[in-house]
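> Turn this into a structure:
(2 chains)
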Amino acid sequence: MSEPLLTVENQRTAFATGRGLVRAVDGVSFTLERGRTLGVVGESGSGKSVLSRSIMRLLPPNARSSGEVRLGGRDLTAMSEKALRALRGPEISIVFQDPMTSLNPVMTIGAQIGEVLTRHLGMSRKAAKARSVELLASVGLPQPDVRVDQHPHQLSGGMRQRVAIAIAIACEPALLIADEPTTALDVTVQAEILDLLARQQAERNMAMILITHDMGVVAGRCDDVAVMYAGRIVEQASTEDLFRDTRMPYTSALLASIPRLDDPPHRKLEAIAGRPPDLIHPPAGCAFSPRCRYADDLCRSQPPALEDAGRGHRFACWRPMTMEAAE
Amino acid sequence: MADITPDRLEGSSAGAPDDNADAIASHNRKNRLGLGFWIPLAWLAVVVAAAVFADFLGLFPADEIDWMHINEGPNDAHILGTDHLGRDMLSRIIYGARVSLTVGFAAPLIGVGLGLVLGILAGYYKGWVDEVIGIAIDTWLAIPGLVILLLFSVVFGGSLGMVCLSLGLLFIPTAARITRAATLNHSNREFVLAARAMGASDFRILTVEVLPNIIWPLIAFVLIDIPIAIVIEGALSFLGLSVKAPTPSWGGVIAEGREHLEGSPHISLIPTAVMFMTVLSFNLVGDAIRKRLADVRDGAI
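Numbers count the residues shown, from 1 in each chain, chains lettered A, B, ... in the order given. So this is what the prediction gives:
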């Protein structure tokens, strides 16, 4: 079998702060094949976004990064900033959470898309503008020939996110990272944007990493799901396996916290007690043990390793659940 | 009660849009550029046009001495009179405007241009770049401005270029600080990260993404500095530290007239009045434009 599109090997990213070293991503490994979708799920502060920036090599100066990120056989961690610039756009790109801030307020939509096209594909301004209109049409923006000359403030949040997606896919990247692409949007618009991403992905045979805190978002749209907690992947499986055969209590707790349509009214919402751990002084054992109702002494003293239990279902837990235990 | 409710409803629903329209109309009236903008602008247009086209206005040469007509008040031959050497006042004031206007525009542009480069680098790269630039600016600020101007005048003599440069240097610190603050604010925005994520270089990010977002406060700063530069140049001329005689400059003409204030006050008073009107006009026009810029930024227009 040929090498996967993306291989992340033991990626660690920490930030030097006044209080100490924050281990935002703490030894993450996974692979992603061409055209596949990986959902990365976790609470705020679980390291999802730092992981995406570590893959893009877009880290602030106070970040300490180690590990290996290989994209199409090239080690991104060993590349110069100049070589990386040539890759960002045509090989790998990203859609950010908040389209209100990820577009430049003083540039027209067309200029922002066209900039990428002229830089990476060497298009003339005229050709770039024509292509921008096509791209805007393909992401479902109404009146693309009018919108292309408008500024971001003239567009709604959903439209702006469509523009951000158009920019991200402009150079046909092999890998698209969507970092909570729907968090800042209306519920009704969320589904449209997710469908748009799925359609673009299928049409262009892109691989996608869909980062979200919403289990409901990954359910129907990802081939595989990785659950992150305190900077580590704690469970990873095909979407079907993860939902049907949940092993890690944290994943189970996340699933249980989704309100169900057939619940009786006024039923108390399941919440996970406690708060995510301090990433400067993480717990000695399993990071989830302080909040886990199954935790015992072993869980509190030794961190479990991420192990493959067959069919690519990986989880890090000393007391894995079986479906009976969950019920 | 049943009787009055519909009335009140009607009244309020009819009144609300009117109030609203009134409010919008009064806002627009308030924002309209009135005579306080157009009259000063017209004056500036006249001064600038006269300075630019001075050679084609059929004026007396600015340095033509005429001993037969010294210290004359305004008359048919010399509309604004003559000075103590019989030189035509109108001509000297118009040619003097060239100096004042050149310094007025060039010095702020030099200062803001250099300050912009320093400030944007400090604000974007932070860290040691910021420290070095910060220390350099603090050091520069510790030297009194008048000393710098004197030094330039003594070392380089009174060439117009050097006057512009030395004055411009004085505007660097404030311009750099304004730029740095605005750059700090904008370089942390997500669209800058987004641009990097699409492969933009630092140069590209600074010129295409950051600069257009921070240019407005700098333009406002230039507008404030133009009249300041004109006044300072006038003071330098008065002290004889600006362009050398016989090149006329407003401050220089005022200084020459000082000796003849009793007999021929027009020699000092006319250039003073012209300078006063010009500086006031720049301030009024600048204020109006800055107010407009603020409205644009607030999204009112």
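
> near chain B, which residues of chain A show up?
By CB under 8 Å from any CB of the partner chain, the residues of chain A that approach chain B are A:56, A:58, A:61, A:84-90, A:93-94, A:96, A:98, A:101-107, A:115-116, A:119-120, A:153, A:164, A:167-168. Heads up, the C-betas are built off the backbone N, CA and C, glycines and all.

> Might you specify the subset of these located within helices?
If you go by DSSP state H, the residues of chain A next to chain B have A:56, A:84-87, A:115-116, A:119-120, A:164, A:167-168 in helices.

> Would you mind checking those for buried ones?
Buried subset of those (neighbour count, 16 or more other CB atoms under 10 Å in any protein chain shown): A:56, A:84-85, A:87, A:115-116, A:119-120, A:164, A:167-168.

> can you give me the helices for the stretch 101-250 of chain B?
Taking DSSP state H, counting those that start in this stretch to define them, one finds helices in the stretch 101-250 of chain B at B:127-142, B:145-156, B:160-187, B:190-197, B:202-204, B:211-238, B:250-257.

> Redo these as CSV? Include mean neighbour count and distance to B:I289.
Converted to CSV, the helices of the stretch 101-250 of chain B look like this (neighbours: other CB atoms under 10 Å in any protein chain shown; distance: least, CB to CB, whole Å):
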stretch, mean neighbour count, distance to B:I289
helix B:127-142, 13, 27
helix B:145-156, 14, 26
helix B:160-187, 21, 17
helix B:190-197, 23, 27
helix B:202-204, 12, 30
helix B:211-238, 21, 6
helix B:250-257, 24, 24
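
> Now render those helices as CSV, adding distance to A:V227.
Formatted as CSV, those follow (distance: least, CB to CB, whole Å):
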stretch, distance to A:V227
helix B:127-142, 37
helix B:145-156, 63
helix B:160-187, 34
helix B:190-197, 25
helix B:202-204, 36
helix B:211-238, 39
helix B:250-257, 75
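
> Dump the ones you listed to a markdown table, plus distance to A:E235 and mean pLDDT.
Compiled in a markdown table, these are given as follows (distance: least, CB to CB, whole Å; pLDDT from 0 to 100):
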| stretch | distance to A:E235 | mean pLDDT |
| --- | --- | --- |
| helix B:127-142 | 39 | 94 |
| helix B:145-156 | 67 | 86 |
| helix B:160-187 | 38 | 92 |
| helix B:190-197 | 28 | 91 |
| helix B:202-204 | 40 | 92 |
| helix B:211-238 | 43 | 90 |
| helix B:250-257 | 79 | 87 |
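
> Just tell me which of those helices ends up closest to A:S252.
helix B:190-197 (33.7 Å; CB to CB).

> ok, longest helix in chain A?
Ranked by residue count, the top helix of chain A under DSSP H comes out as helix A:187-204.

> avg pLDDT for it?
Averaging pLDDT along helix A:187-204 yields 88.

> centroid residue for chain B?
The residue lying closest to the centre of chain B (CA atoms, centre = their mean) is B:I226, at 2.0 Å.

> give me every residue that touches it.
B:104-105, B:108, B:282, B:286 (CB atoms under 8 Å, 6 or more residues apart in numbering or on different chains).

> In a markdown table, list those residues along with pLDDT.
Formatted as a markdown table, these follow (pLDDT from 0 to 100):
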| residue | pLDDT |
| --- | --- |
| B:G104 | 93 |
| B:F105 | 94 |
| B:P108 | 95 |
| B:F282 | 92 |
| B:G286 | 89 |
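
> Can you check what pLDDT the model gives B:V296?
For B:V296, pLDDT reads 65.

> ah, wrong one, I meant A:A111
pLDDT at A:A111 comes out at 93.

> try A:G35
At A:G35, pLDDT is 91.

> just A:D245 next, same as before
So, for A:D245, pLDDT stands at 88.

> Backbone torsions only: list them for it.
phi -130, psi 60 (degrees, to the nearest 10).

> Return the distance of A:A178 relative to chain B.
12 Å (CB to the nearest CB, to the nearest Å).

> quick one: that residue and A:V95 touch, right?
Yes: with contacts counted by CB atoms under 8 Å, A:A178 reaches A:V95, the gap being 4.7 Å.

> where do the contact lists of the two overlap?
A:L197.

> residues contacting the nearest residue to B:A77 once chain neighbours are set aside?
Nearest residue to B:A77 in three dimensions, chain neighbours excluded: B:H69, at 7.5 Å (CB to CB, 6 or more residues apart in numbering or on different chains). Counting by CB under 8 Å, 6+ apart, B:H69 makes contact with B:77-78, B:82, B:86.

> which pair in the contacts of B:I226 spans the largest distance?
B:F105 and B:G286 (12.5 Å).

> Mind telling me what element the residue lying farthest from the centre of chain A is part of?
Distance from the centre of chain A peaks at A:K126, with 34.1 Å (CA atoms, centre = their mean). Using DSSP states H and E, A:K126 sits in helix A:125-138.

> Flag every buried residue along that helix.
Here helix A:125-138 shows A:128-133, A:135-138 as buried, counting by 16+ other CB under 10 Å.

> Packing partners of it?
helix A:109-121, helix A:144-147, helix A:157-169 (3 or more CB pairs under 8 Å, 6 or more residues apart in numbering or on different chains; DSSP states H and E).

> for that helix, what is the average pLDDT?
93.

> which other residues reach it?
A:109-110, A:113-114, A:117-118, A:123, A:144-145, A:147-148, A:162-163, A:166, A:169-170, A:200.

> What of stretch A:288-302?
Against stretch A:288-302 from outside (CB under 8 Å, 6+ apart): A:229-230, A:234, A:248-250, A:253, A:272-274, A:277, A:283-286, A:318-319, A:321, A:325.

> Start and end of it, how far apart?
12 Å (CA to CA, to the nearest Å).

> Name the residues of the stretch 151-300 of chain B found near chain A, please.
B:189-191, B:193-201, B:204, B:208-209, B:212-213, B:299.

> hmm, 7 Å instead?
Proximity of the stretch 151-300 of chain B to chain A, by CB under 7 Å from any CB of the partner chain, involves residues B:189-191, B:193-194, B:196-199, B:201, B:208-209, B:212-213.
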